[in-house]
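*Asks:* Take a look and give me a structure for this.
(chains A, B, C and D)
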4 protein chains.
Amino acid sequence: MSHPTITDRLADPSGARESGRKKIEWARQHMPIMTSIAETFGEERPLEGQTVAMAMHVEAKTAVLTEVIAEAGAEVAITGCNPLSTHDDVSAALDAHDAITSYAEREVDDEAYYAAIEATLDHGPTVTVDDGGDLVMAIHDEYPELIDSILGGCEETTTGVHRLRAMDSDGELRYPMFAVNDTPMKRLFDNVHGTGEASLSNVAMTTNLSFAGKTVVVAGYGYCGKGVAKKAKGQNAHVIVTEVEPRRALEAHMEGYEVCPMAEAAEKGDVFVTTTGNRDVIVGEHFERMADGVVLANAGHFNVEIDLDSLDDLAVARREVRDGVEEFEMEDGRRINVLAEGRLVNLASPVAMGHPVEVMDQSFGVQAVCVREMVENADSYDAGVHEVPDELDREVAEIKLDAEGIGIDALSDEQSAYMNSWQHGT
Amino acid sequence: MSHPTITDRLADPSGARESGRKKIEWARQHMPIMTSIAETFGEERPLEGQTVAMAMHVEAKTAVLTEVIAEAGAEVAITGCNPLSTHDDVSAALDAHDAITSYAEREVDDEAYYAAIEATLDHGPTVTVDDGGDLVMAIHDEYPELIDSILGGCEETTTGVHRLRAMDSDGELRYPMFAVNDTPMKRLFDNVHGTGEASLSNVAMTTNLSFAGKTVVVAGYGYCGKGVAKKAKGQNAHVIVTEVEPRRALEAHMEGYEVCPMAEAAEKGDVFVTTTGNRDVIVGEHFERMADGVVLANAGHFNVEIDLDSLDDLAVARREVRDGVEEFEMEDGRRINVLAEGRLVNLASPVAMGHPVEVMDQSFGVQAVCVREMVENADSYDAGVHEVPDELDREVAEIKLDAEGIGIDALSDEQSAYMNSWQHGT
Amino acid sequence: MSHPTITDRLADPSGARESGRKKIEWARQHMPIMTSIAETFGEERPLEGQTVAMAMHVEAKTAVLTEVIAEAGAEVAITGCNPLSTHDDVSAALDAHDAITSYAEREVDDEAYYAAIEATLDHGPTVTVDDGGDLVMAIHDEYPELIDSILGGCEETTTGVHRLRAMDSDGELRYPMFAVNDTPMKRLFDNVHGTGEASLSNVAMTTNLSFAGKTVVVAGYGYCGKGVAKKAKGQNAHVIVTEVEPRRALEAHMEGYEVCPMAEAAEKGDVFVTTTGNRDVIVGEHFERMADGVVLANAGHFNVEIDLDSLDDLAVARREVRDGVEEFEMEDGRRINVLAEGRLVNLASPVAMGHPVEVMDQSFGVQAVCVREMVENADSYDAGVHEVPDELDREVAEIKLDAEGIGIDALSDEQSAYMNSWQHGT
Amino acid sequence: MSHPTITDRLADPSGARESGRKKIEWARQHMPIMTSIAETFGEERPLEGQTVAMAMHVEAKTAVLTEVIAEAGAEVAITGCNPLSTHDDVSAALDAHDAITSYAEREVDDEAYYAAIEATLDHGPTVTVDDGGDLVMAIHDEYPELIDSILGGCEETTTGVHRLRAMDSDGELRYPMFAVNDTPMKRLFDNVHGTGEASLSNVAMTTNLSFAGKTVVVAGYGYCGKGVAKKAKGQNAHVIVTEVEPRRALEAHMEGYEVCPMAEAAEKGDVFVTTTGNRDVIVGEHFERMADGVVLANAGHFNVEIDLDSLDDLAVARREVRDGVEEFEMEDGRRINVLAEGRLVNLASPVAMGHPVEVMDQSFGVQAVCVREMVENADSYDAGVHEVPDELDREVAEIKLDAEGIGIDALSDEQSAYMNSWQHGT
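*Replies:* Have a look, this model is predicted:
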């Protein structure tokens, strides 16, 4: 094969492998859902004969999903979905697996990044698993000849699903994709709890600042924004929410948060976290109103939420003051600190380990059963974006409750009948 | 008219009217959305020529909705939707309005209750507004001849929408109904905040007990259950959630609540609040495990959640120990206290004033624009249950934000384009 | 006796007695500490031969303390400590007890109020129990001849302890008084949880308003203010704290609350709760900045925190709009609503039942063991204000944990030694 | 001088200095109190002619205190107070200061650790600043001849104050020490918010685990325990508190936490954080009851809270599974993970940066004014432990409020008079 894998390029592959292996084992130890699915899949081999291409953040948790897919019988080719989020040692450890080839490498340039995607697709996937949509885009734009052999795929993120829906409504999405991001399991746990906790831990550990008494501005009140706002409040921050959608704004207001436009929040905030999935959320006029020493972080998928170009234009000096913290000095002496170059802070900060293990356990549990579904019931899904079938989502919840030893009630026949009836009086 | 209205039957109608009028004015003072809608509707008279039949909890807030519908040009006939929730003085004050006839009366027997529904329907409604579905049921079961003249209706509650969806899936719902309950505006504010706060205030004020350090068992983790659990935690209770749906159970667990079956919760709880919308949530085996002095309250629409018949069978004595608190003494001396006879505690407790004013302001704002929509665009809606159109819900949110003086951001053209595009790279 | 007791003056004493008796029984059912102390005191009769004069809020919970003191062997004479907080039926039920005489009556004028204090003192107390200091004041000012026979007393409130400490530092306090208010048991549970929960429940139930999304201004960040702020935040209010002490202000800020002067808070608040124990907390300049429809309540002991005289001067009209809500109309049409005439809202609102039962159980448990201590170890205490001895406070905590079935760890000998040593290295 | 300083021993002192300098500047940028005090002290030089010996965690924030003391005119000698908490680059940057000599070095053995203390004392201090009491101990035990020249000192931690009070009550403390730990400023902010946030961030970032849905056992409910419990709840953990003091246990219970003995908590917990300041909090019988995969961390000063010796005895294998995570494998296969070798997790974890900057700003602000006080008013303080004078604590709070732009109210003369009077009636 013309594409070198990660192990070809690492100076000390075996040491990296061992370090990566330890990380993967730690993750697996705390992923009860994946452990349970691995057992079942290992016995049933539902992906026998499939080739799965993946473009995801290559770190320990994703590695567990990758391995479980391989243990289910598939050949897997994987690459990164963000130049800064790959852990080379994990990539090496994965690549050492007989059924897995990893092309992910940290801090590669654009050319190498896209070459790795290409290499992944060269395996001729029958299923694709994306985090941001890069594989689907590349296949549709440059390798349309692969489409006929593809049964379907899964997309992990809000942003990726956005892109897919736009393609779909333009009639350009040519194979079925599960919008894994949109399941209750994914949204509530990964976005609210995962992004919420991890974004703030990363801000705290990168800056050594605290949240008590701080004014934290959360841009966007979708699932991620709700998580960041809730966890910041839980750390005794004063939280301001900015929004463009009136119902979400009202929801934030009813929760007790201060709600105002960003131009006003810019003057009040100490820490800013963007979670909108949109571009230009914090721009020139906002930088001009900010206080000295503010900290800016992005928790959205792409590094477009904070307009660094205009910040750079406004600044008279720019330097790294800590690992992962770049200080922009303004003409009037004010210092604006940007974390992780405006990239997803819980994946790209210097101390980043991404989302918490258990949260990804749930999210990847849905991914695993969705890949199985796409293989087993491919005929049921036309080209286009599909919601994850309710019973799959529910299946994963049941696996998790079992693993945690949590019992719930069952509806009696009378109760089921009652819920289905409408003849009862007042 | 053969049906006597409320004022015929009250000993001191004018005194009642004045007292009811004061209550309505207080509510209106704190309902900025309805105040704003009243201005617009008063000028535009969108309901001119319509007859609106309503079956709702007749108290001050509902009265404001009733009056705003009348001020929009409609003739209104209203009755209660629960024998215990009517405030006679408010009913009298409404009935004094030229365009409104009220048949609602507190603590009537079943016969009188249904006679009042009948009287309301005798007005020949063109639009119906329900809270629990009584009007729709009565019309379909007993007055099908009215259906042809009816443009459509609105349903306020979870329970009512349940009934309507069951009818609809049986093909028996013969005119269009808006599921007002299902809107974000309604669910998030009324169910979460309204039911949450009001249920607990009513329990506190009926019993003089506190929540700090108490174990509060919340049955059901839908919107109402989420509200009760969240507010109880906010009062420093230890909260246990019971559920039948694994994803909701998991959601409660991830929020930090203890989750277990009711049989286990029964042994641990001090206060129990049912919010499931289902029957037989707390039954014999649960009563047998409860500690001495527990307090049971229902926050679901119907009084079927706590199985009082079997509690009565198990008890050796039963007496009212406080206004609104009935004590069941068990053979072993344990005392089980039931509030408001197991009826909706925030409407039926002795101190009950129902949901908070502002919360109903939002919910009734949606009702008002939905009634307008049903009249103005009746042709757009077939028989069956309809979601509230997104723009109506959004319209009400914007009215509220305006009234609160809360500004939000607007998407720039570039941002809108970005959200709609999928061509951007990583 | 020249002073008529409550039963002489009630039209239907036996009916009142029964109603009062039920209330007392309900309270006792939920007061595990008092139940446990009653058992011990009933056997040991530690107050045999004593005469205890009490001036307290005469309602069900206080009645349990009164009865337990009587069951311990004392003769008790009791009167109210606030003209609006007495429940006549509870007063009648108490008065029916052989060893108890009650002079408390609701809504008496000043003359009758002080006559009742006088009547109480005519019993010749050996111990006094105060809530606000009225008995101690009356004794020192008008009945100094009683002092020689008095062993000591207890004071329940912050305000009363303030007064006593001022007397003490002037050298004018002539018998020993326990500052029950200052114990951890009292402050943390009664002030934080009791005042916090009860103040807000009373505001909610008097106004039918909710807290979600409201801006609640809490004046003062002592124990009561902390409780109100915390519980308001727990109901999803946006909380503003005003203070005069920089450390408390900073503490509130670090908790995530907005902190600003009252003049600024006045413009932002929807609901105002005063908890300072000081006068003139909300005055003319503040009323002038408030929005239409604001609600003002006092959670401090005296009705001096909201300056009603100047509000009355500013107002063009004044009327009761709901039970317990007086509306002051300003010249520009703004309406300012004052609850319970600015008196302690959780005792004086129309729906008021005072502090929650369990919270008073803890506070009165300390009272009971303090009265016992004052009798058993009178010689140990000089004239002046005394802290409650640590072991008494601890005794009550242990009784409560026992009653709740909560186990804790015990220090091993090695651990005790470690805590007492300083020889250990790094 | 016979003791080599840190710069003598570092391979690349200048690179280290630059890295340390950056860290110190970042901290100073976010320490408004120290910035303000530095300005005043720089002008007034209150420590001119003094020699200050310090034994503290040598990292960026402490460095700012050290520099401010030097800028106030003192000569400073500093060493570490914990072998694992020193940042060598910060130590080197400090040592580069003309008036500062630093002996602190990371991961030194016991001999070198004590040699550094000795070297620090060789400077002949007139004031000592301790974090754990090592300097005071060493001076009293081995260098009593220094005592005559010492004006006094300050102690930063709970543990250190414990040791000093024990010495004091044995009559062995021979110079005055301020118990900085006991001030409201220190306890509320540093212990509650600082330890609370930093402990959990360090656990999260060391393990990549999350708190939502986890059961977090907090041993001890003093200020640190309250902080950890509160912040864990704010991250949606289910929190269990263990205690030995009944009032603290009850306080935790009233807050809504589950309270039980450690033997019971051991079976339920996922994450354990010790905050007691005592030894043997988690011992053999507890390890035996724990579930597979539990995580143990210590937030108390010394590494004695988790009994690692007995854990090692029970384990069949022991290995580092991640940086800072040691896994003990039990005979039955269960894995128990201990963070940072049981040392203070927010100072000793691999990602540790210690307490948040702003929190230390407040704590060190008190230190700075206390050192000034000890110099300026040495005659006012006898040998023994002294509370920090109220006005110093208040002074720091005012500096902070100023810096944050937070206004508070001032008492009017009438209000001051009211608070001091007791003549007012009911």
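
*Asks:* For the rest of this, base every contact and every neighbour count on C-alpha atoms.
*Replies:* OK.

*Asks:* Which residue ranges of the stretch 301-426 of chain A form strands?
*Replies:* A:315-322, A:325-330, A:335-339, A:384-386 (DSSP state E, counting those that start in this stretch).

*Asks:* and the first one, is it in reach of chain D?
*Replies:* Meaning strand A:315-322. Yes. Looking at strand A:315-322 against chain D by CA under 8 Å from any CA of the partner chain, the contacts come from A:321, A:322.

*Asks:* Pull out the buried residues from that strand.
*Replies:* A:315, A:318, A:321, A:322 (16 or more other CA atoms under 10 Å in any protein chain shown).

*Asks:* List just the one of the strands of the stretch 301-426 of chain A that sits closest to residue C:41.
*Replies:* strand A:335-339 (65.5 Å; CA to CA).

*Asks:* Pull out the buried positions in the closest one.
*Replies:* For strand A:335-339, burial by neighbour count (16+ other CA under 10 Å) applies to A:335, A:336, A:337, A:338, A:339.

*Asks:* Who are the packing partners of that strand?
*Replies:* Counting contacts by 3 or more CA pairs under 8 Å, 6 or more residues apart in numbering or on different chains; DSSP states H and E, strand A:335-339 is packed against strand A:294-298, strand A:325-330.

*Asks:* and the residue positioned nearest the centre of chain A, what does it touch?
*Replies:* In chain A, the centroid-proximal residue (CA atoms, centre = their mean) is residue A:157; its distance is 5.3 Å. Contacts for residue A:157 (CA atoms under 8 Å, 6 or more residues apart in numbering or on different chains) come out as A:131, A:132, A:180, A:181, A:301.

*Asks:* Let me see the backbone angles for the first one.
*Replies:* Read that as residue A:131. phi -130, psi 80 (degrees, to the nearest 10).

*Asks:* Could you do the fourth one as well?
*Replies:* Comment: the main-chain dihedrals of residue A:181 come out as phi -60, psi -30, following degrees, to the nearest 10.

*Asks:* circling back: make a markdown table from the strands of the stretch 301-426 of chain A and add mean pLDDT to it.
*Replies:* Putting those into a markdown table (pLDDT from 0 to 100) gives the following:
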| stretch | mean pLDDT |
| --- | --- |
| strand A:315-322 | 93 |
| strand A:325-330 | 96 |
| strand A:335-339 | 97 |
| strand A:384-386 | 96 |
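
*Asks:* out of these, which comes closest to residue D:205?
*Replies:* Closest to residue D:205 of those is strand A:335-339 (CA to CA; 16.5 Å).

*Asks:* Which strands border that closest one, and is each parallel or antiparallel?
*Replies:* strand A:294-298 (parallel), strand A:325-330 (antiparallel) (DSSP bridges).

*Asks:* how much does it deviate in direction from strand A:315-322?
*Replies:* Per axes from the mean of the first three to the mean of the last three CA atoms, to 10 degrees, the angle that strand A:335-339 makes with strand A:315-322 is 50 degrees.

*Asks:* And for strand A:335-339, what's in contact with it?
*Replies:* By CA under 8 Å, 6+ apart, strand A:335-339 touches A:203, A:206, A:287, A:290-298, A:324-330, A:345, A:349.

*Asks:* Which residue does the stretch 251-400 of chain A have closest to chain C?
*Replies:* residue A:254 (3.8 Å; CA to the nearest CA).

*Asks:* What strand or helix carries the closest residue to that residue other than its chain neighbours?
*Replies:* Nearest-residue entry for residue A:254: residue C:213, 3.8 Å, with adjacent residues in sequence omitted and distances by CA to CA, 6 or more residues apart in numbering or on different chains. Per DSSP states H and E: residue C:213 is located in neither a helix nor a strand.

*Asks:* Could you report the pLDDT at residue C:213?
*Replies:* With respect to pLDDT, residue C:213 has a value of 95.

*Asks:* List phi and psi for it.
*Replies:* phi 80, psi -10.

*Asks:* What residues does chain A have near chain C?
*Replies:* Within reach of chain C by CA under 8 Å from any CA, chain A has these residues: A:212-214, A:233, A:236-238, A:253-258.

*Asks:* Swap in 6 Å and give it another go.
*Replies:* Contact residues (CA under 6 Å from any CA of the partner chain) of chain A with chain C: A:212, A:213, A:236, A:237, A:238, A:253, A:254, A:255, A:256.

*Asks:* residues from chain A in reach of chain D?
*Replies:* A:201, A:208, A:209, A:210, A:231, A:234, A:235, A:356, A:357.

*Asks:* Which parts of chain A belong to which domain?
*Replies:* A:6-186+A:356-404, A:188-348 (automatic domain parsing).

*Asks:* where does stretch A:113-130 sit relative to the chain's centre, distance-wise?
*Replies:* Counting by CA atoms, centre = their mean, to the nearest Å, stretch A:113-130 is centred 19 Å from the centre of its parent chain.

*Asks:* what's it in contact with?
*Replies:* Residues outside stretch A:113-130 that contact it (CA atoms under 6 Å, 6 or more residues apart in numbering or on different chains): A:3, A:50-55, A:77, A:103, A:149-155.

*Asks:* Now it: buried residues?
*Replies:* The neighbour-count criterion (16+ other CA under 10 Å) identifies A:113-130 as the buried residues of stretch A:113-130.

*Asks:* What about those residues, which are in helices?
*Replies:* Per DSSP state H, helices hold the following members of these: A:113, A:114, A:115, A:116, A:117, A:118, A:119, A:120, A:121.
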